[in-house]
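Participant: Below: sequence and its predicted model.
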Amino acid sequence: MVSEIHRLNNDLAALVSRARNGLVRINDGRRGVGAGTIWHPEGLIISNAHVTGKRRKSLEVTLPDGHILPAHLLARDERSDIAALVVEASDLPAMVLGNSTDLYPGDLVVAVGHPWGVAGAATMGVVIDVGIPPEMASLGRDMIQVSLHLRPGHSGGPLVDVHGRLVGVNTMMAGPDVGMAVPVNEVKAFLKERLGRNDYFPGMDA
């Protein structure tokens, strides 16, 4: 029993480590710090629209290795709360993309980000549902509803499944210990519509 718990602990630690490799810090040059997720090795970063704001200049991205690069805002959508940025870099540790339609209530997920400035902090919970949240029906769009506590600074960071695949982008709290994330399939659709580069940004056809 003890050995199984020890193995589980090691597996979770390895999962968090992989997720942190795809996590970046975003500074808007003015007031705040948020998180971002490395989508493609050639510099494409995904975050929340509320993290980047409308600023196309003064955005900076701190990579997992500590390098700080200027970032250009490619596209954003306030309704879906998704933003795409690009930095001049290559061979970045991009996240392995999952499929949010494969999530079911009870599935374990892990969120990483920079809550209150704590770099690379992780929190774990289970999926409550994937769909339009009943307490936020006015959103009119699907969200991953998770029983974990997101804090300021988690926004824009990755939500991963037990295989370390990106299944969502952390977004907001909807109540005590209920976090919300944009499903990865919504991000794929956003990128395909706004950037139209299936050859350059894999996973958009899923």
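Facilitator: The structure has been received and is ready for your questions.

Participant: Tell me how many other residues crowd the closest residue to Pro115 other than its chain neighbours.
Facilitator: Excluding its sequence neighbours, the residue lying closest to Pro115 (Cβ to Cβ, 6 or more residues apart in numbering) is Arg151, at 3.7 Å. Where you see a C-beta, it was placed from the backbone N, CA and C, and this is true even at glycine. When counting by other Cβ atoms under 10 Å, one arrives at 17 neighbours for Arg151.

Participant: Next: His149.
Facilitator: The tally of other residues near His149 (other Cβ under 10 Å) stands at 15.

Participant: Offset the numbering so it begins at 30, please.
Facilitator: Taking 30 as the first residue, the last one we looked at is His178.

Participant: how far is stretch 39-51 from where the chain is centred?
Facilitator: 14 Å (Cα atoms, centre = their mean, to the nearest Å).

Participant: make that stretch 121-135, sorry
Facilitator: The answer for stretch 121-135 is 10 Å, by Cα atoms, centre = their mean.

Participant: Check stretch 75-87 too.
Facilitator: So, by Cα atoms, centre = their mean, the centroid of stretch 75-87 is 14 Å from its chain's centroid.

Participant: Buried residues in the lengthiest helix in the chain, which are they?
Facilitator: As assigned by DSSP state H, the longest helix anywhere in the chain is helix 31-50. Across helix 31-50, burial judged by 16 or more other Cβ atoms under 10 Å covers 44-45, 47-50.

Participant: same deal with stretch 100-112?
Facilitator: Buried-residue list, stretch 100-112, by 16+ other Cβ under 10 Å: 100, 102, 105, 109-112.

Participant: about what we covered before: tell me which helix or strand comes right after the longest helix of the chain.
Facilitator: Next along the chain after helix 31-50, taking DSSP states H and E as the criterion, comes strand 52-56.

Participant: Which strands border that next one, and is each parallel or antiparallel?
Facilitator: strand 62-69 (antiparallel), strand 88-91 (antiparallel) (DSSP bridges).

Participant: which residues does the nearest residue to Leu88 once chain neighbours are set aside contact?
Facilitator: Of all residues beyond its chain neighbours, the one nearest Leu88 is Ala100 (4.2 Å), with distances taken as Cβ to Cβ, 6+ apart. Ala100 makes contact with 55, 74, 88-90, 114-116, according to Cβ atoms under 8 Å, 6 or more residues apart in numbering.

Participant: can I see the domain layout of the protein?
Facilitator: Here the domain assignment for the chain is 46-123, 129-216, based on automatic domain parsing.

Participant: Indicate which one of those domains is closest to Gly225.
Facilitator: Gly225 lies closest, by Cβ to Cβ, to one member of those: domain 46-123, at 10.6 Å.

Participant: The closest one: end-to-end distance?
Facilitator: Domain 46-123 stretches 13 Å from its first residue to its last (Cα to Cα, to the nearest Å).

Participant: Likewise for stretch 163-177?
Facilitator: 17 Å.
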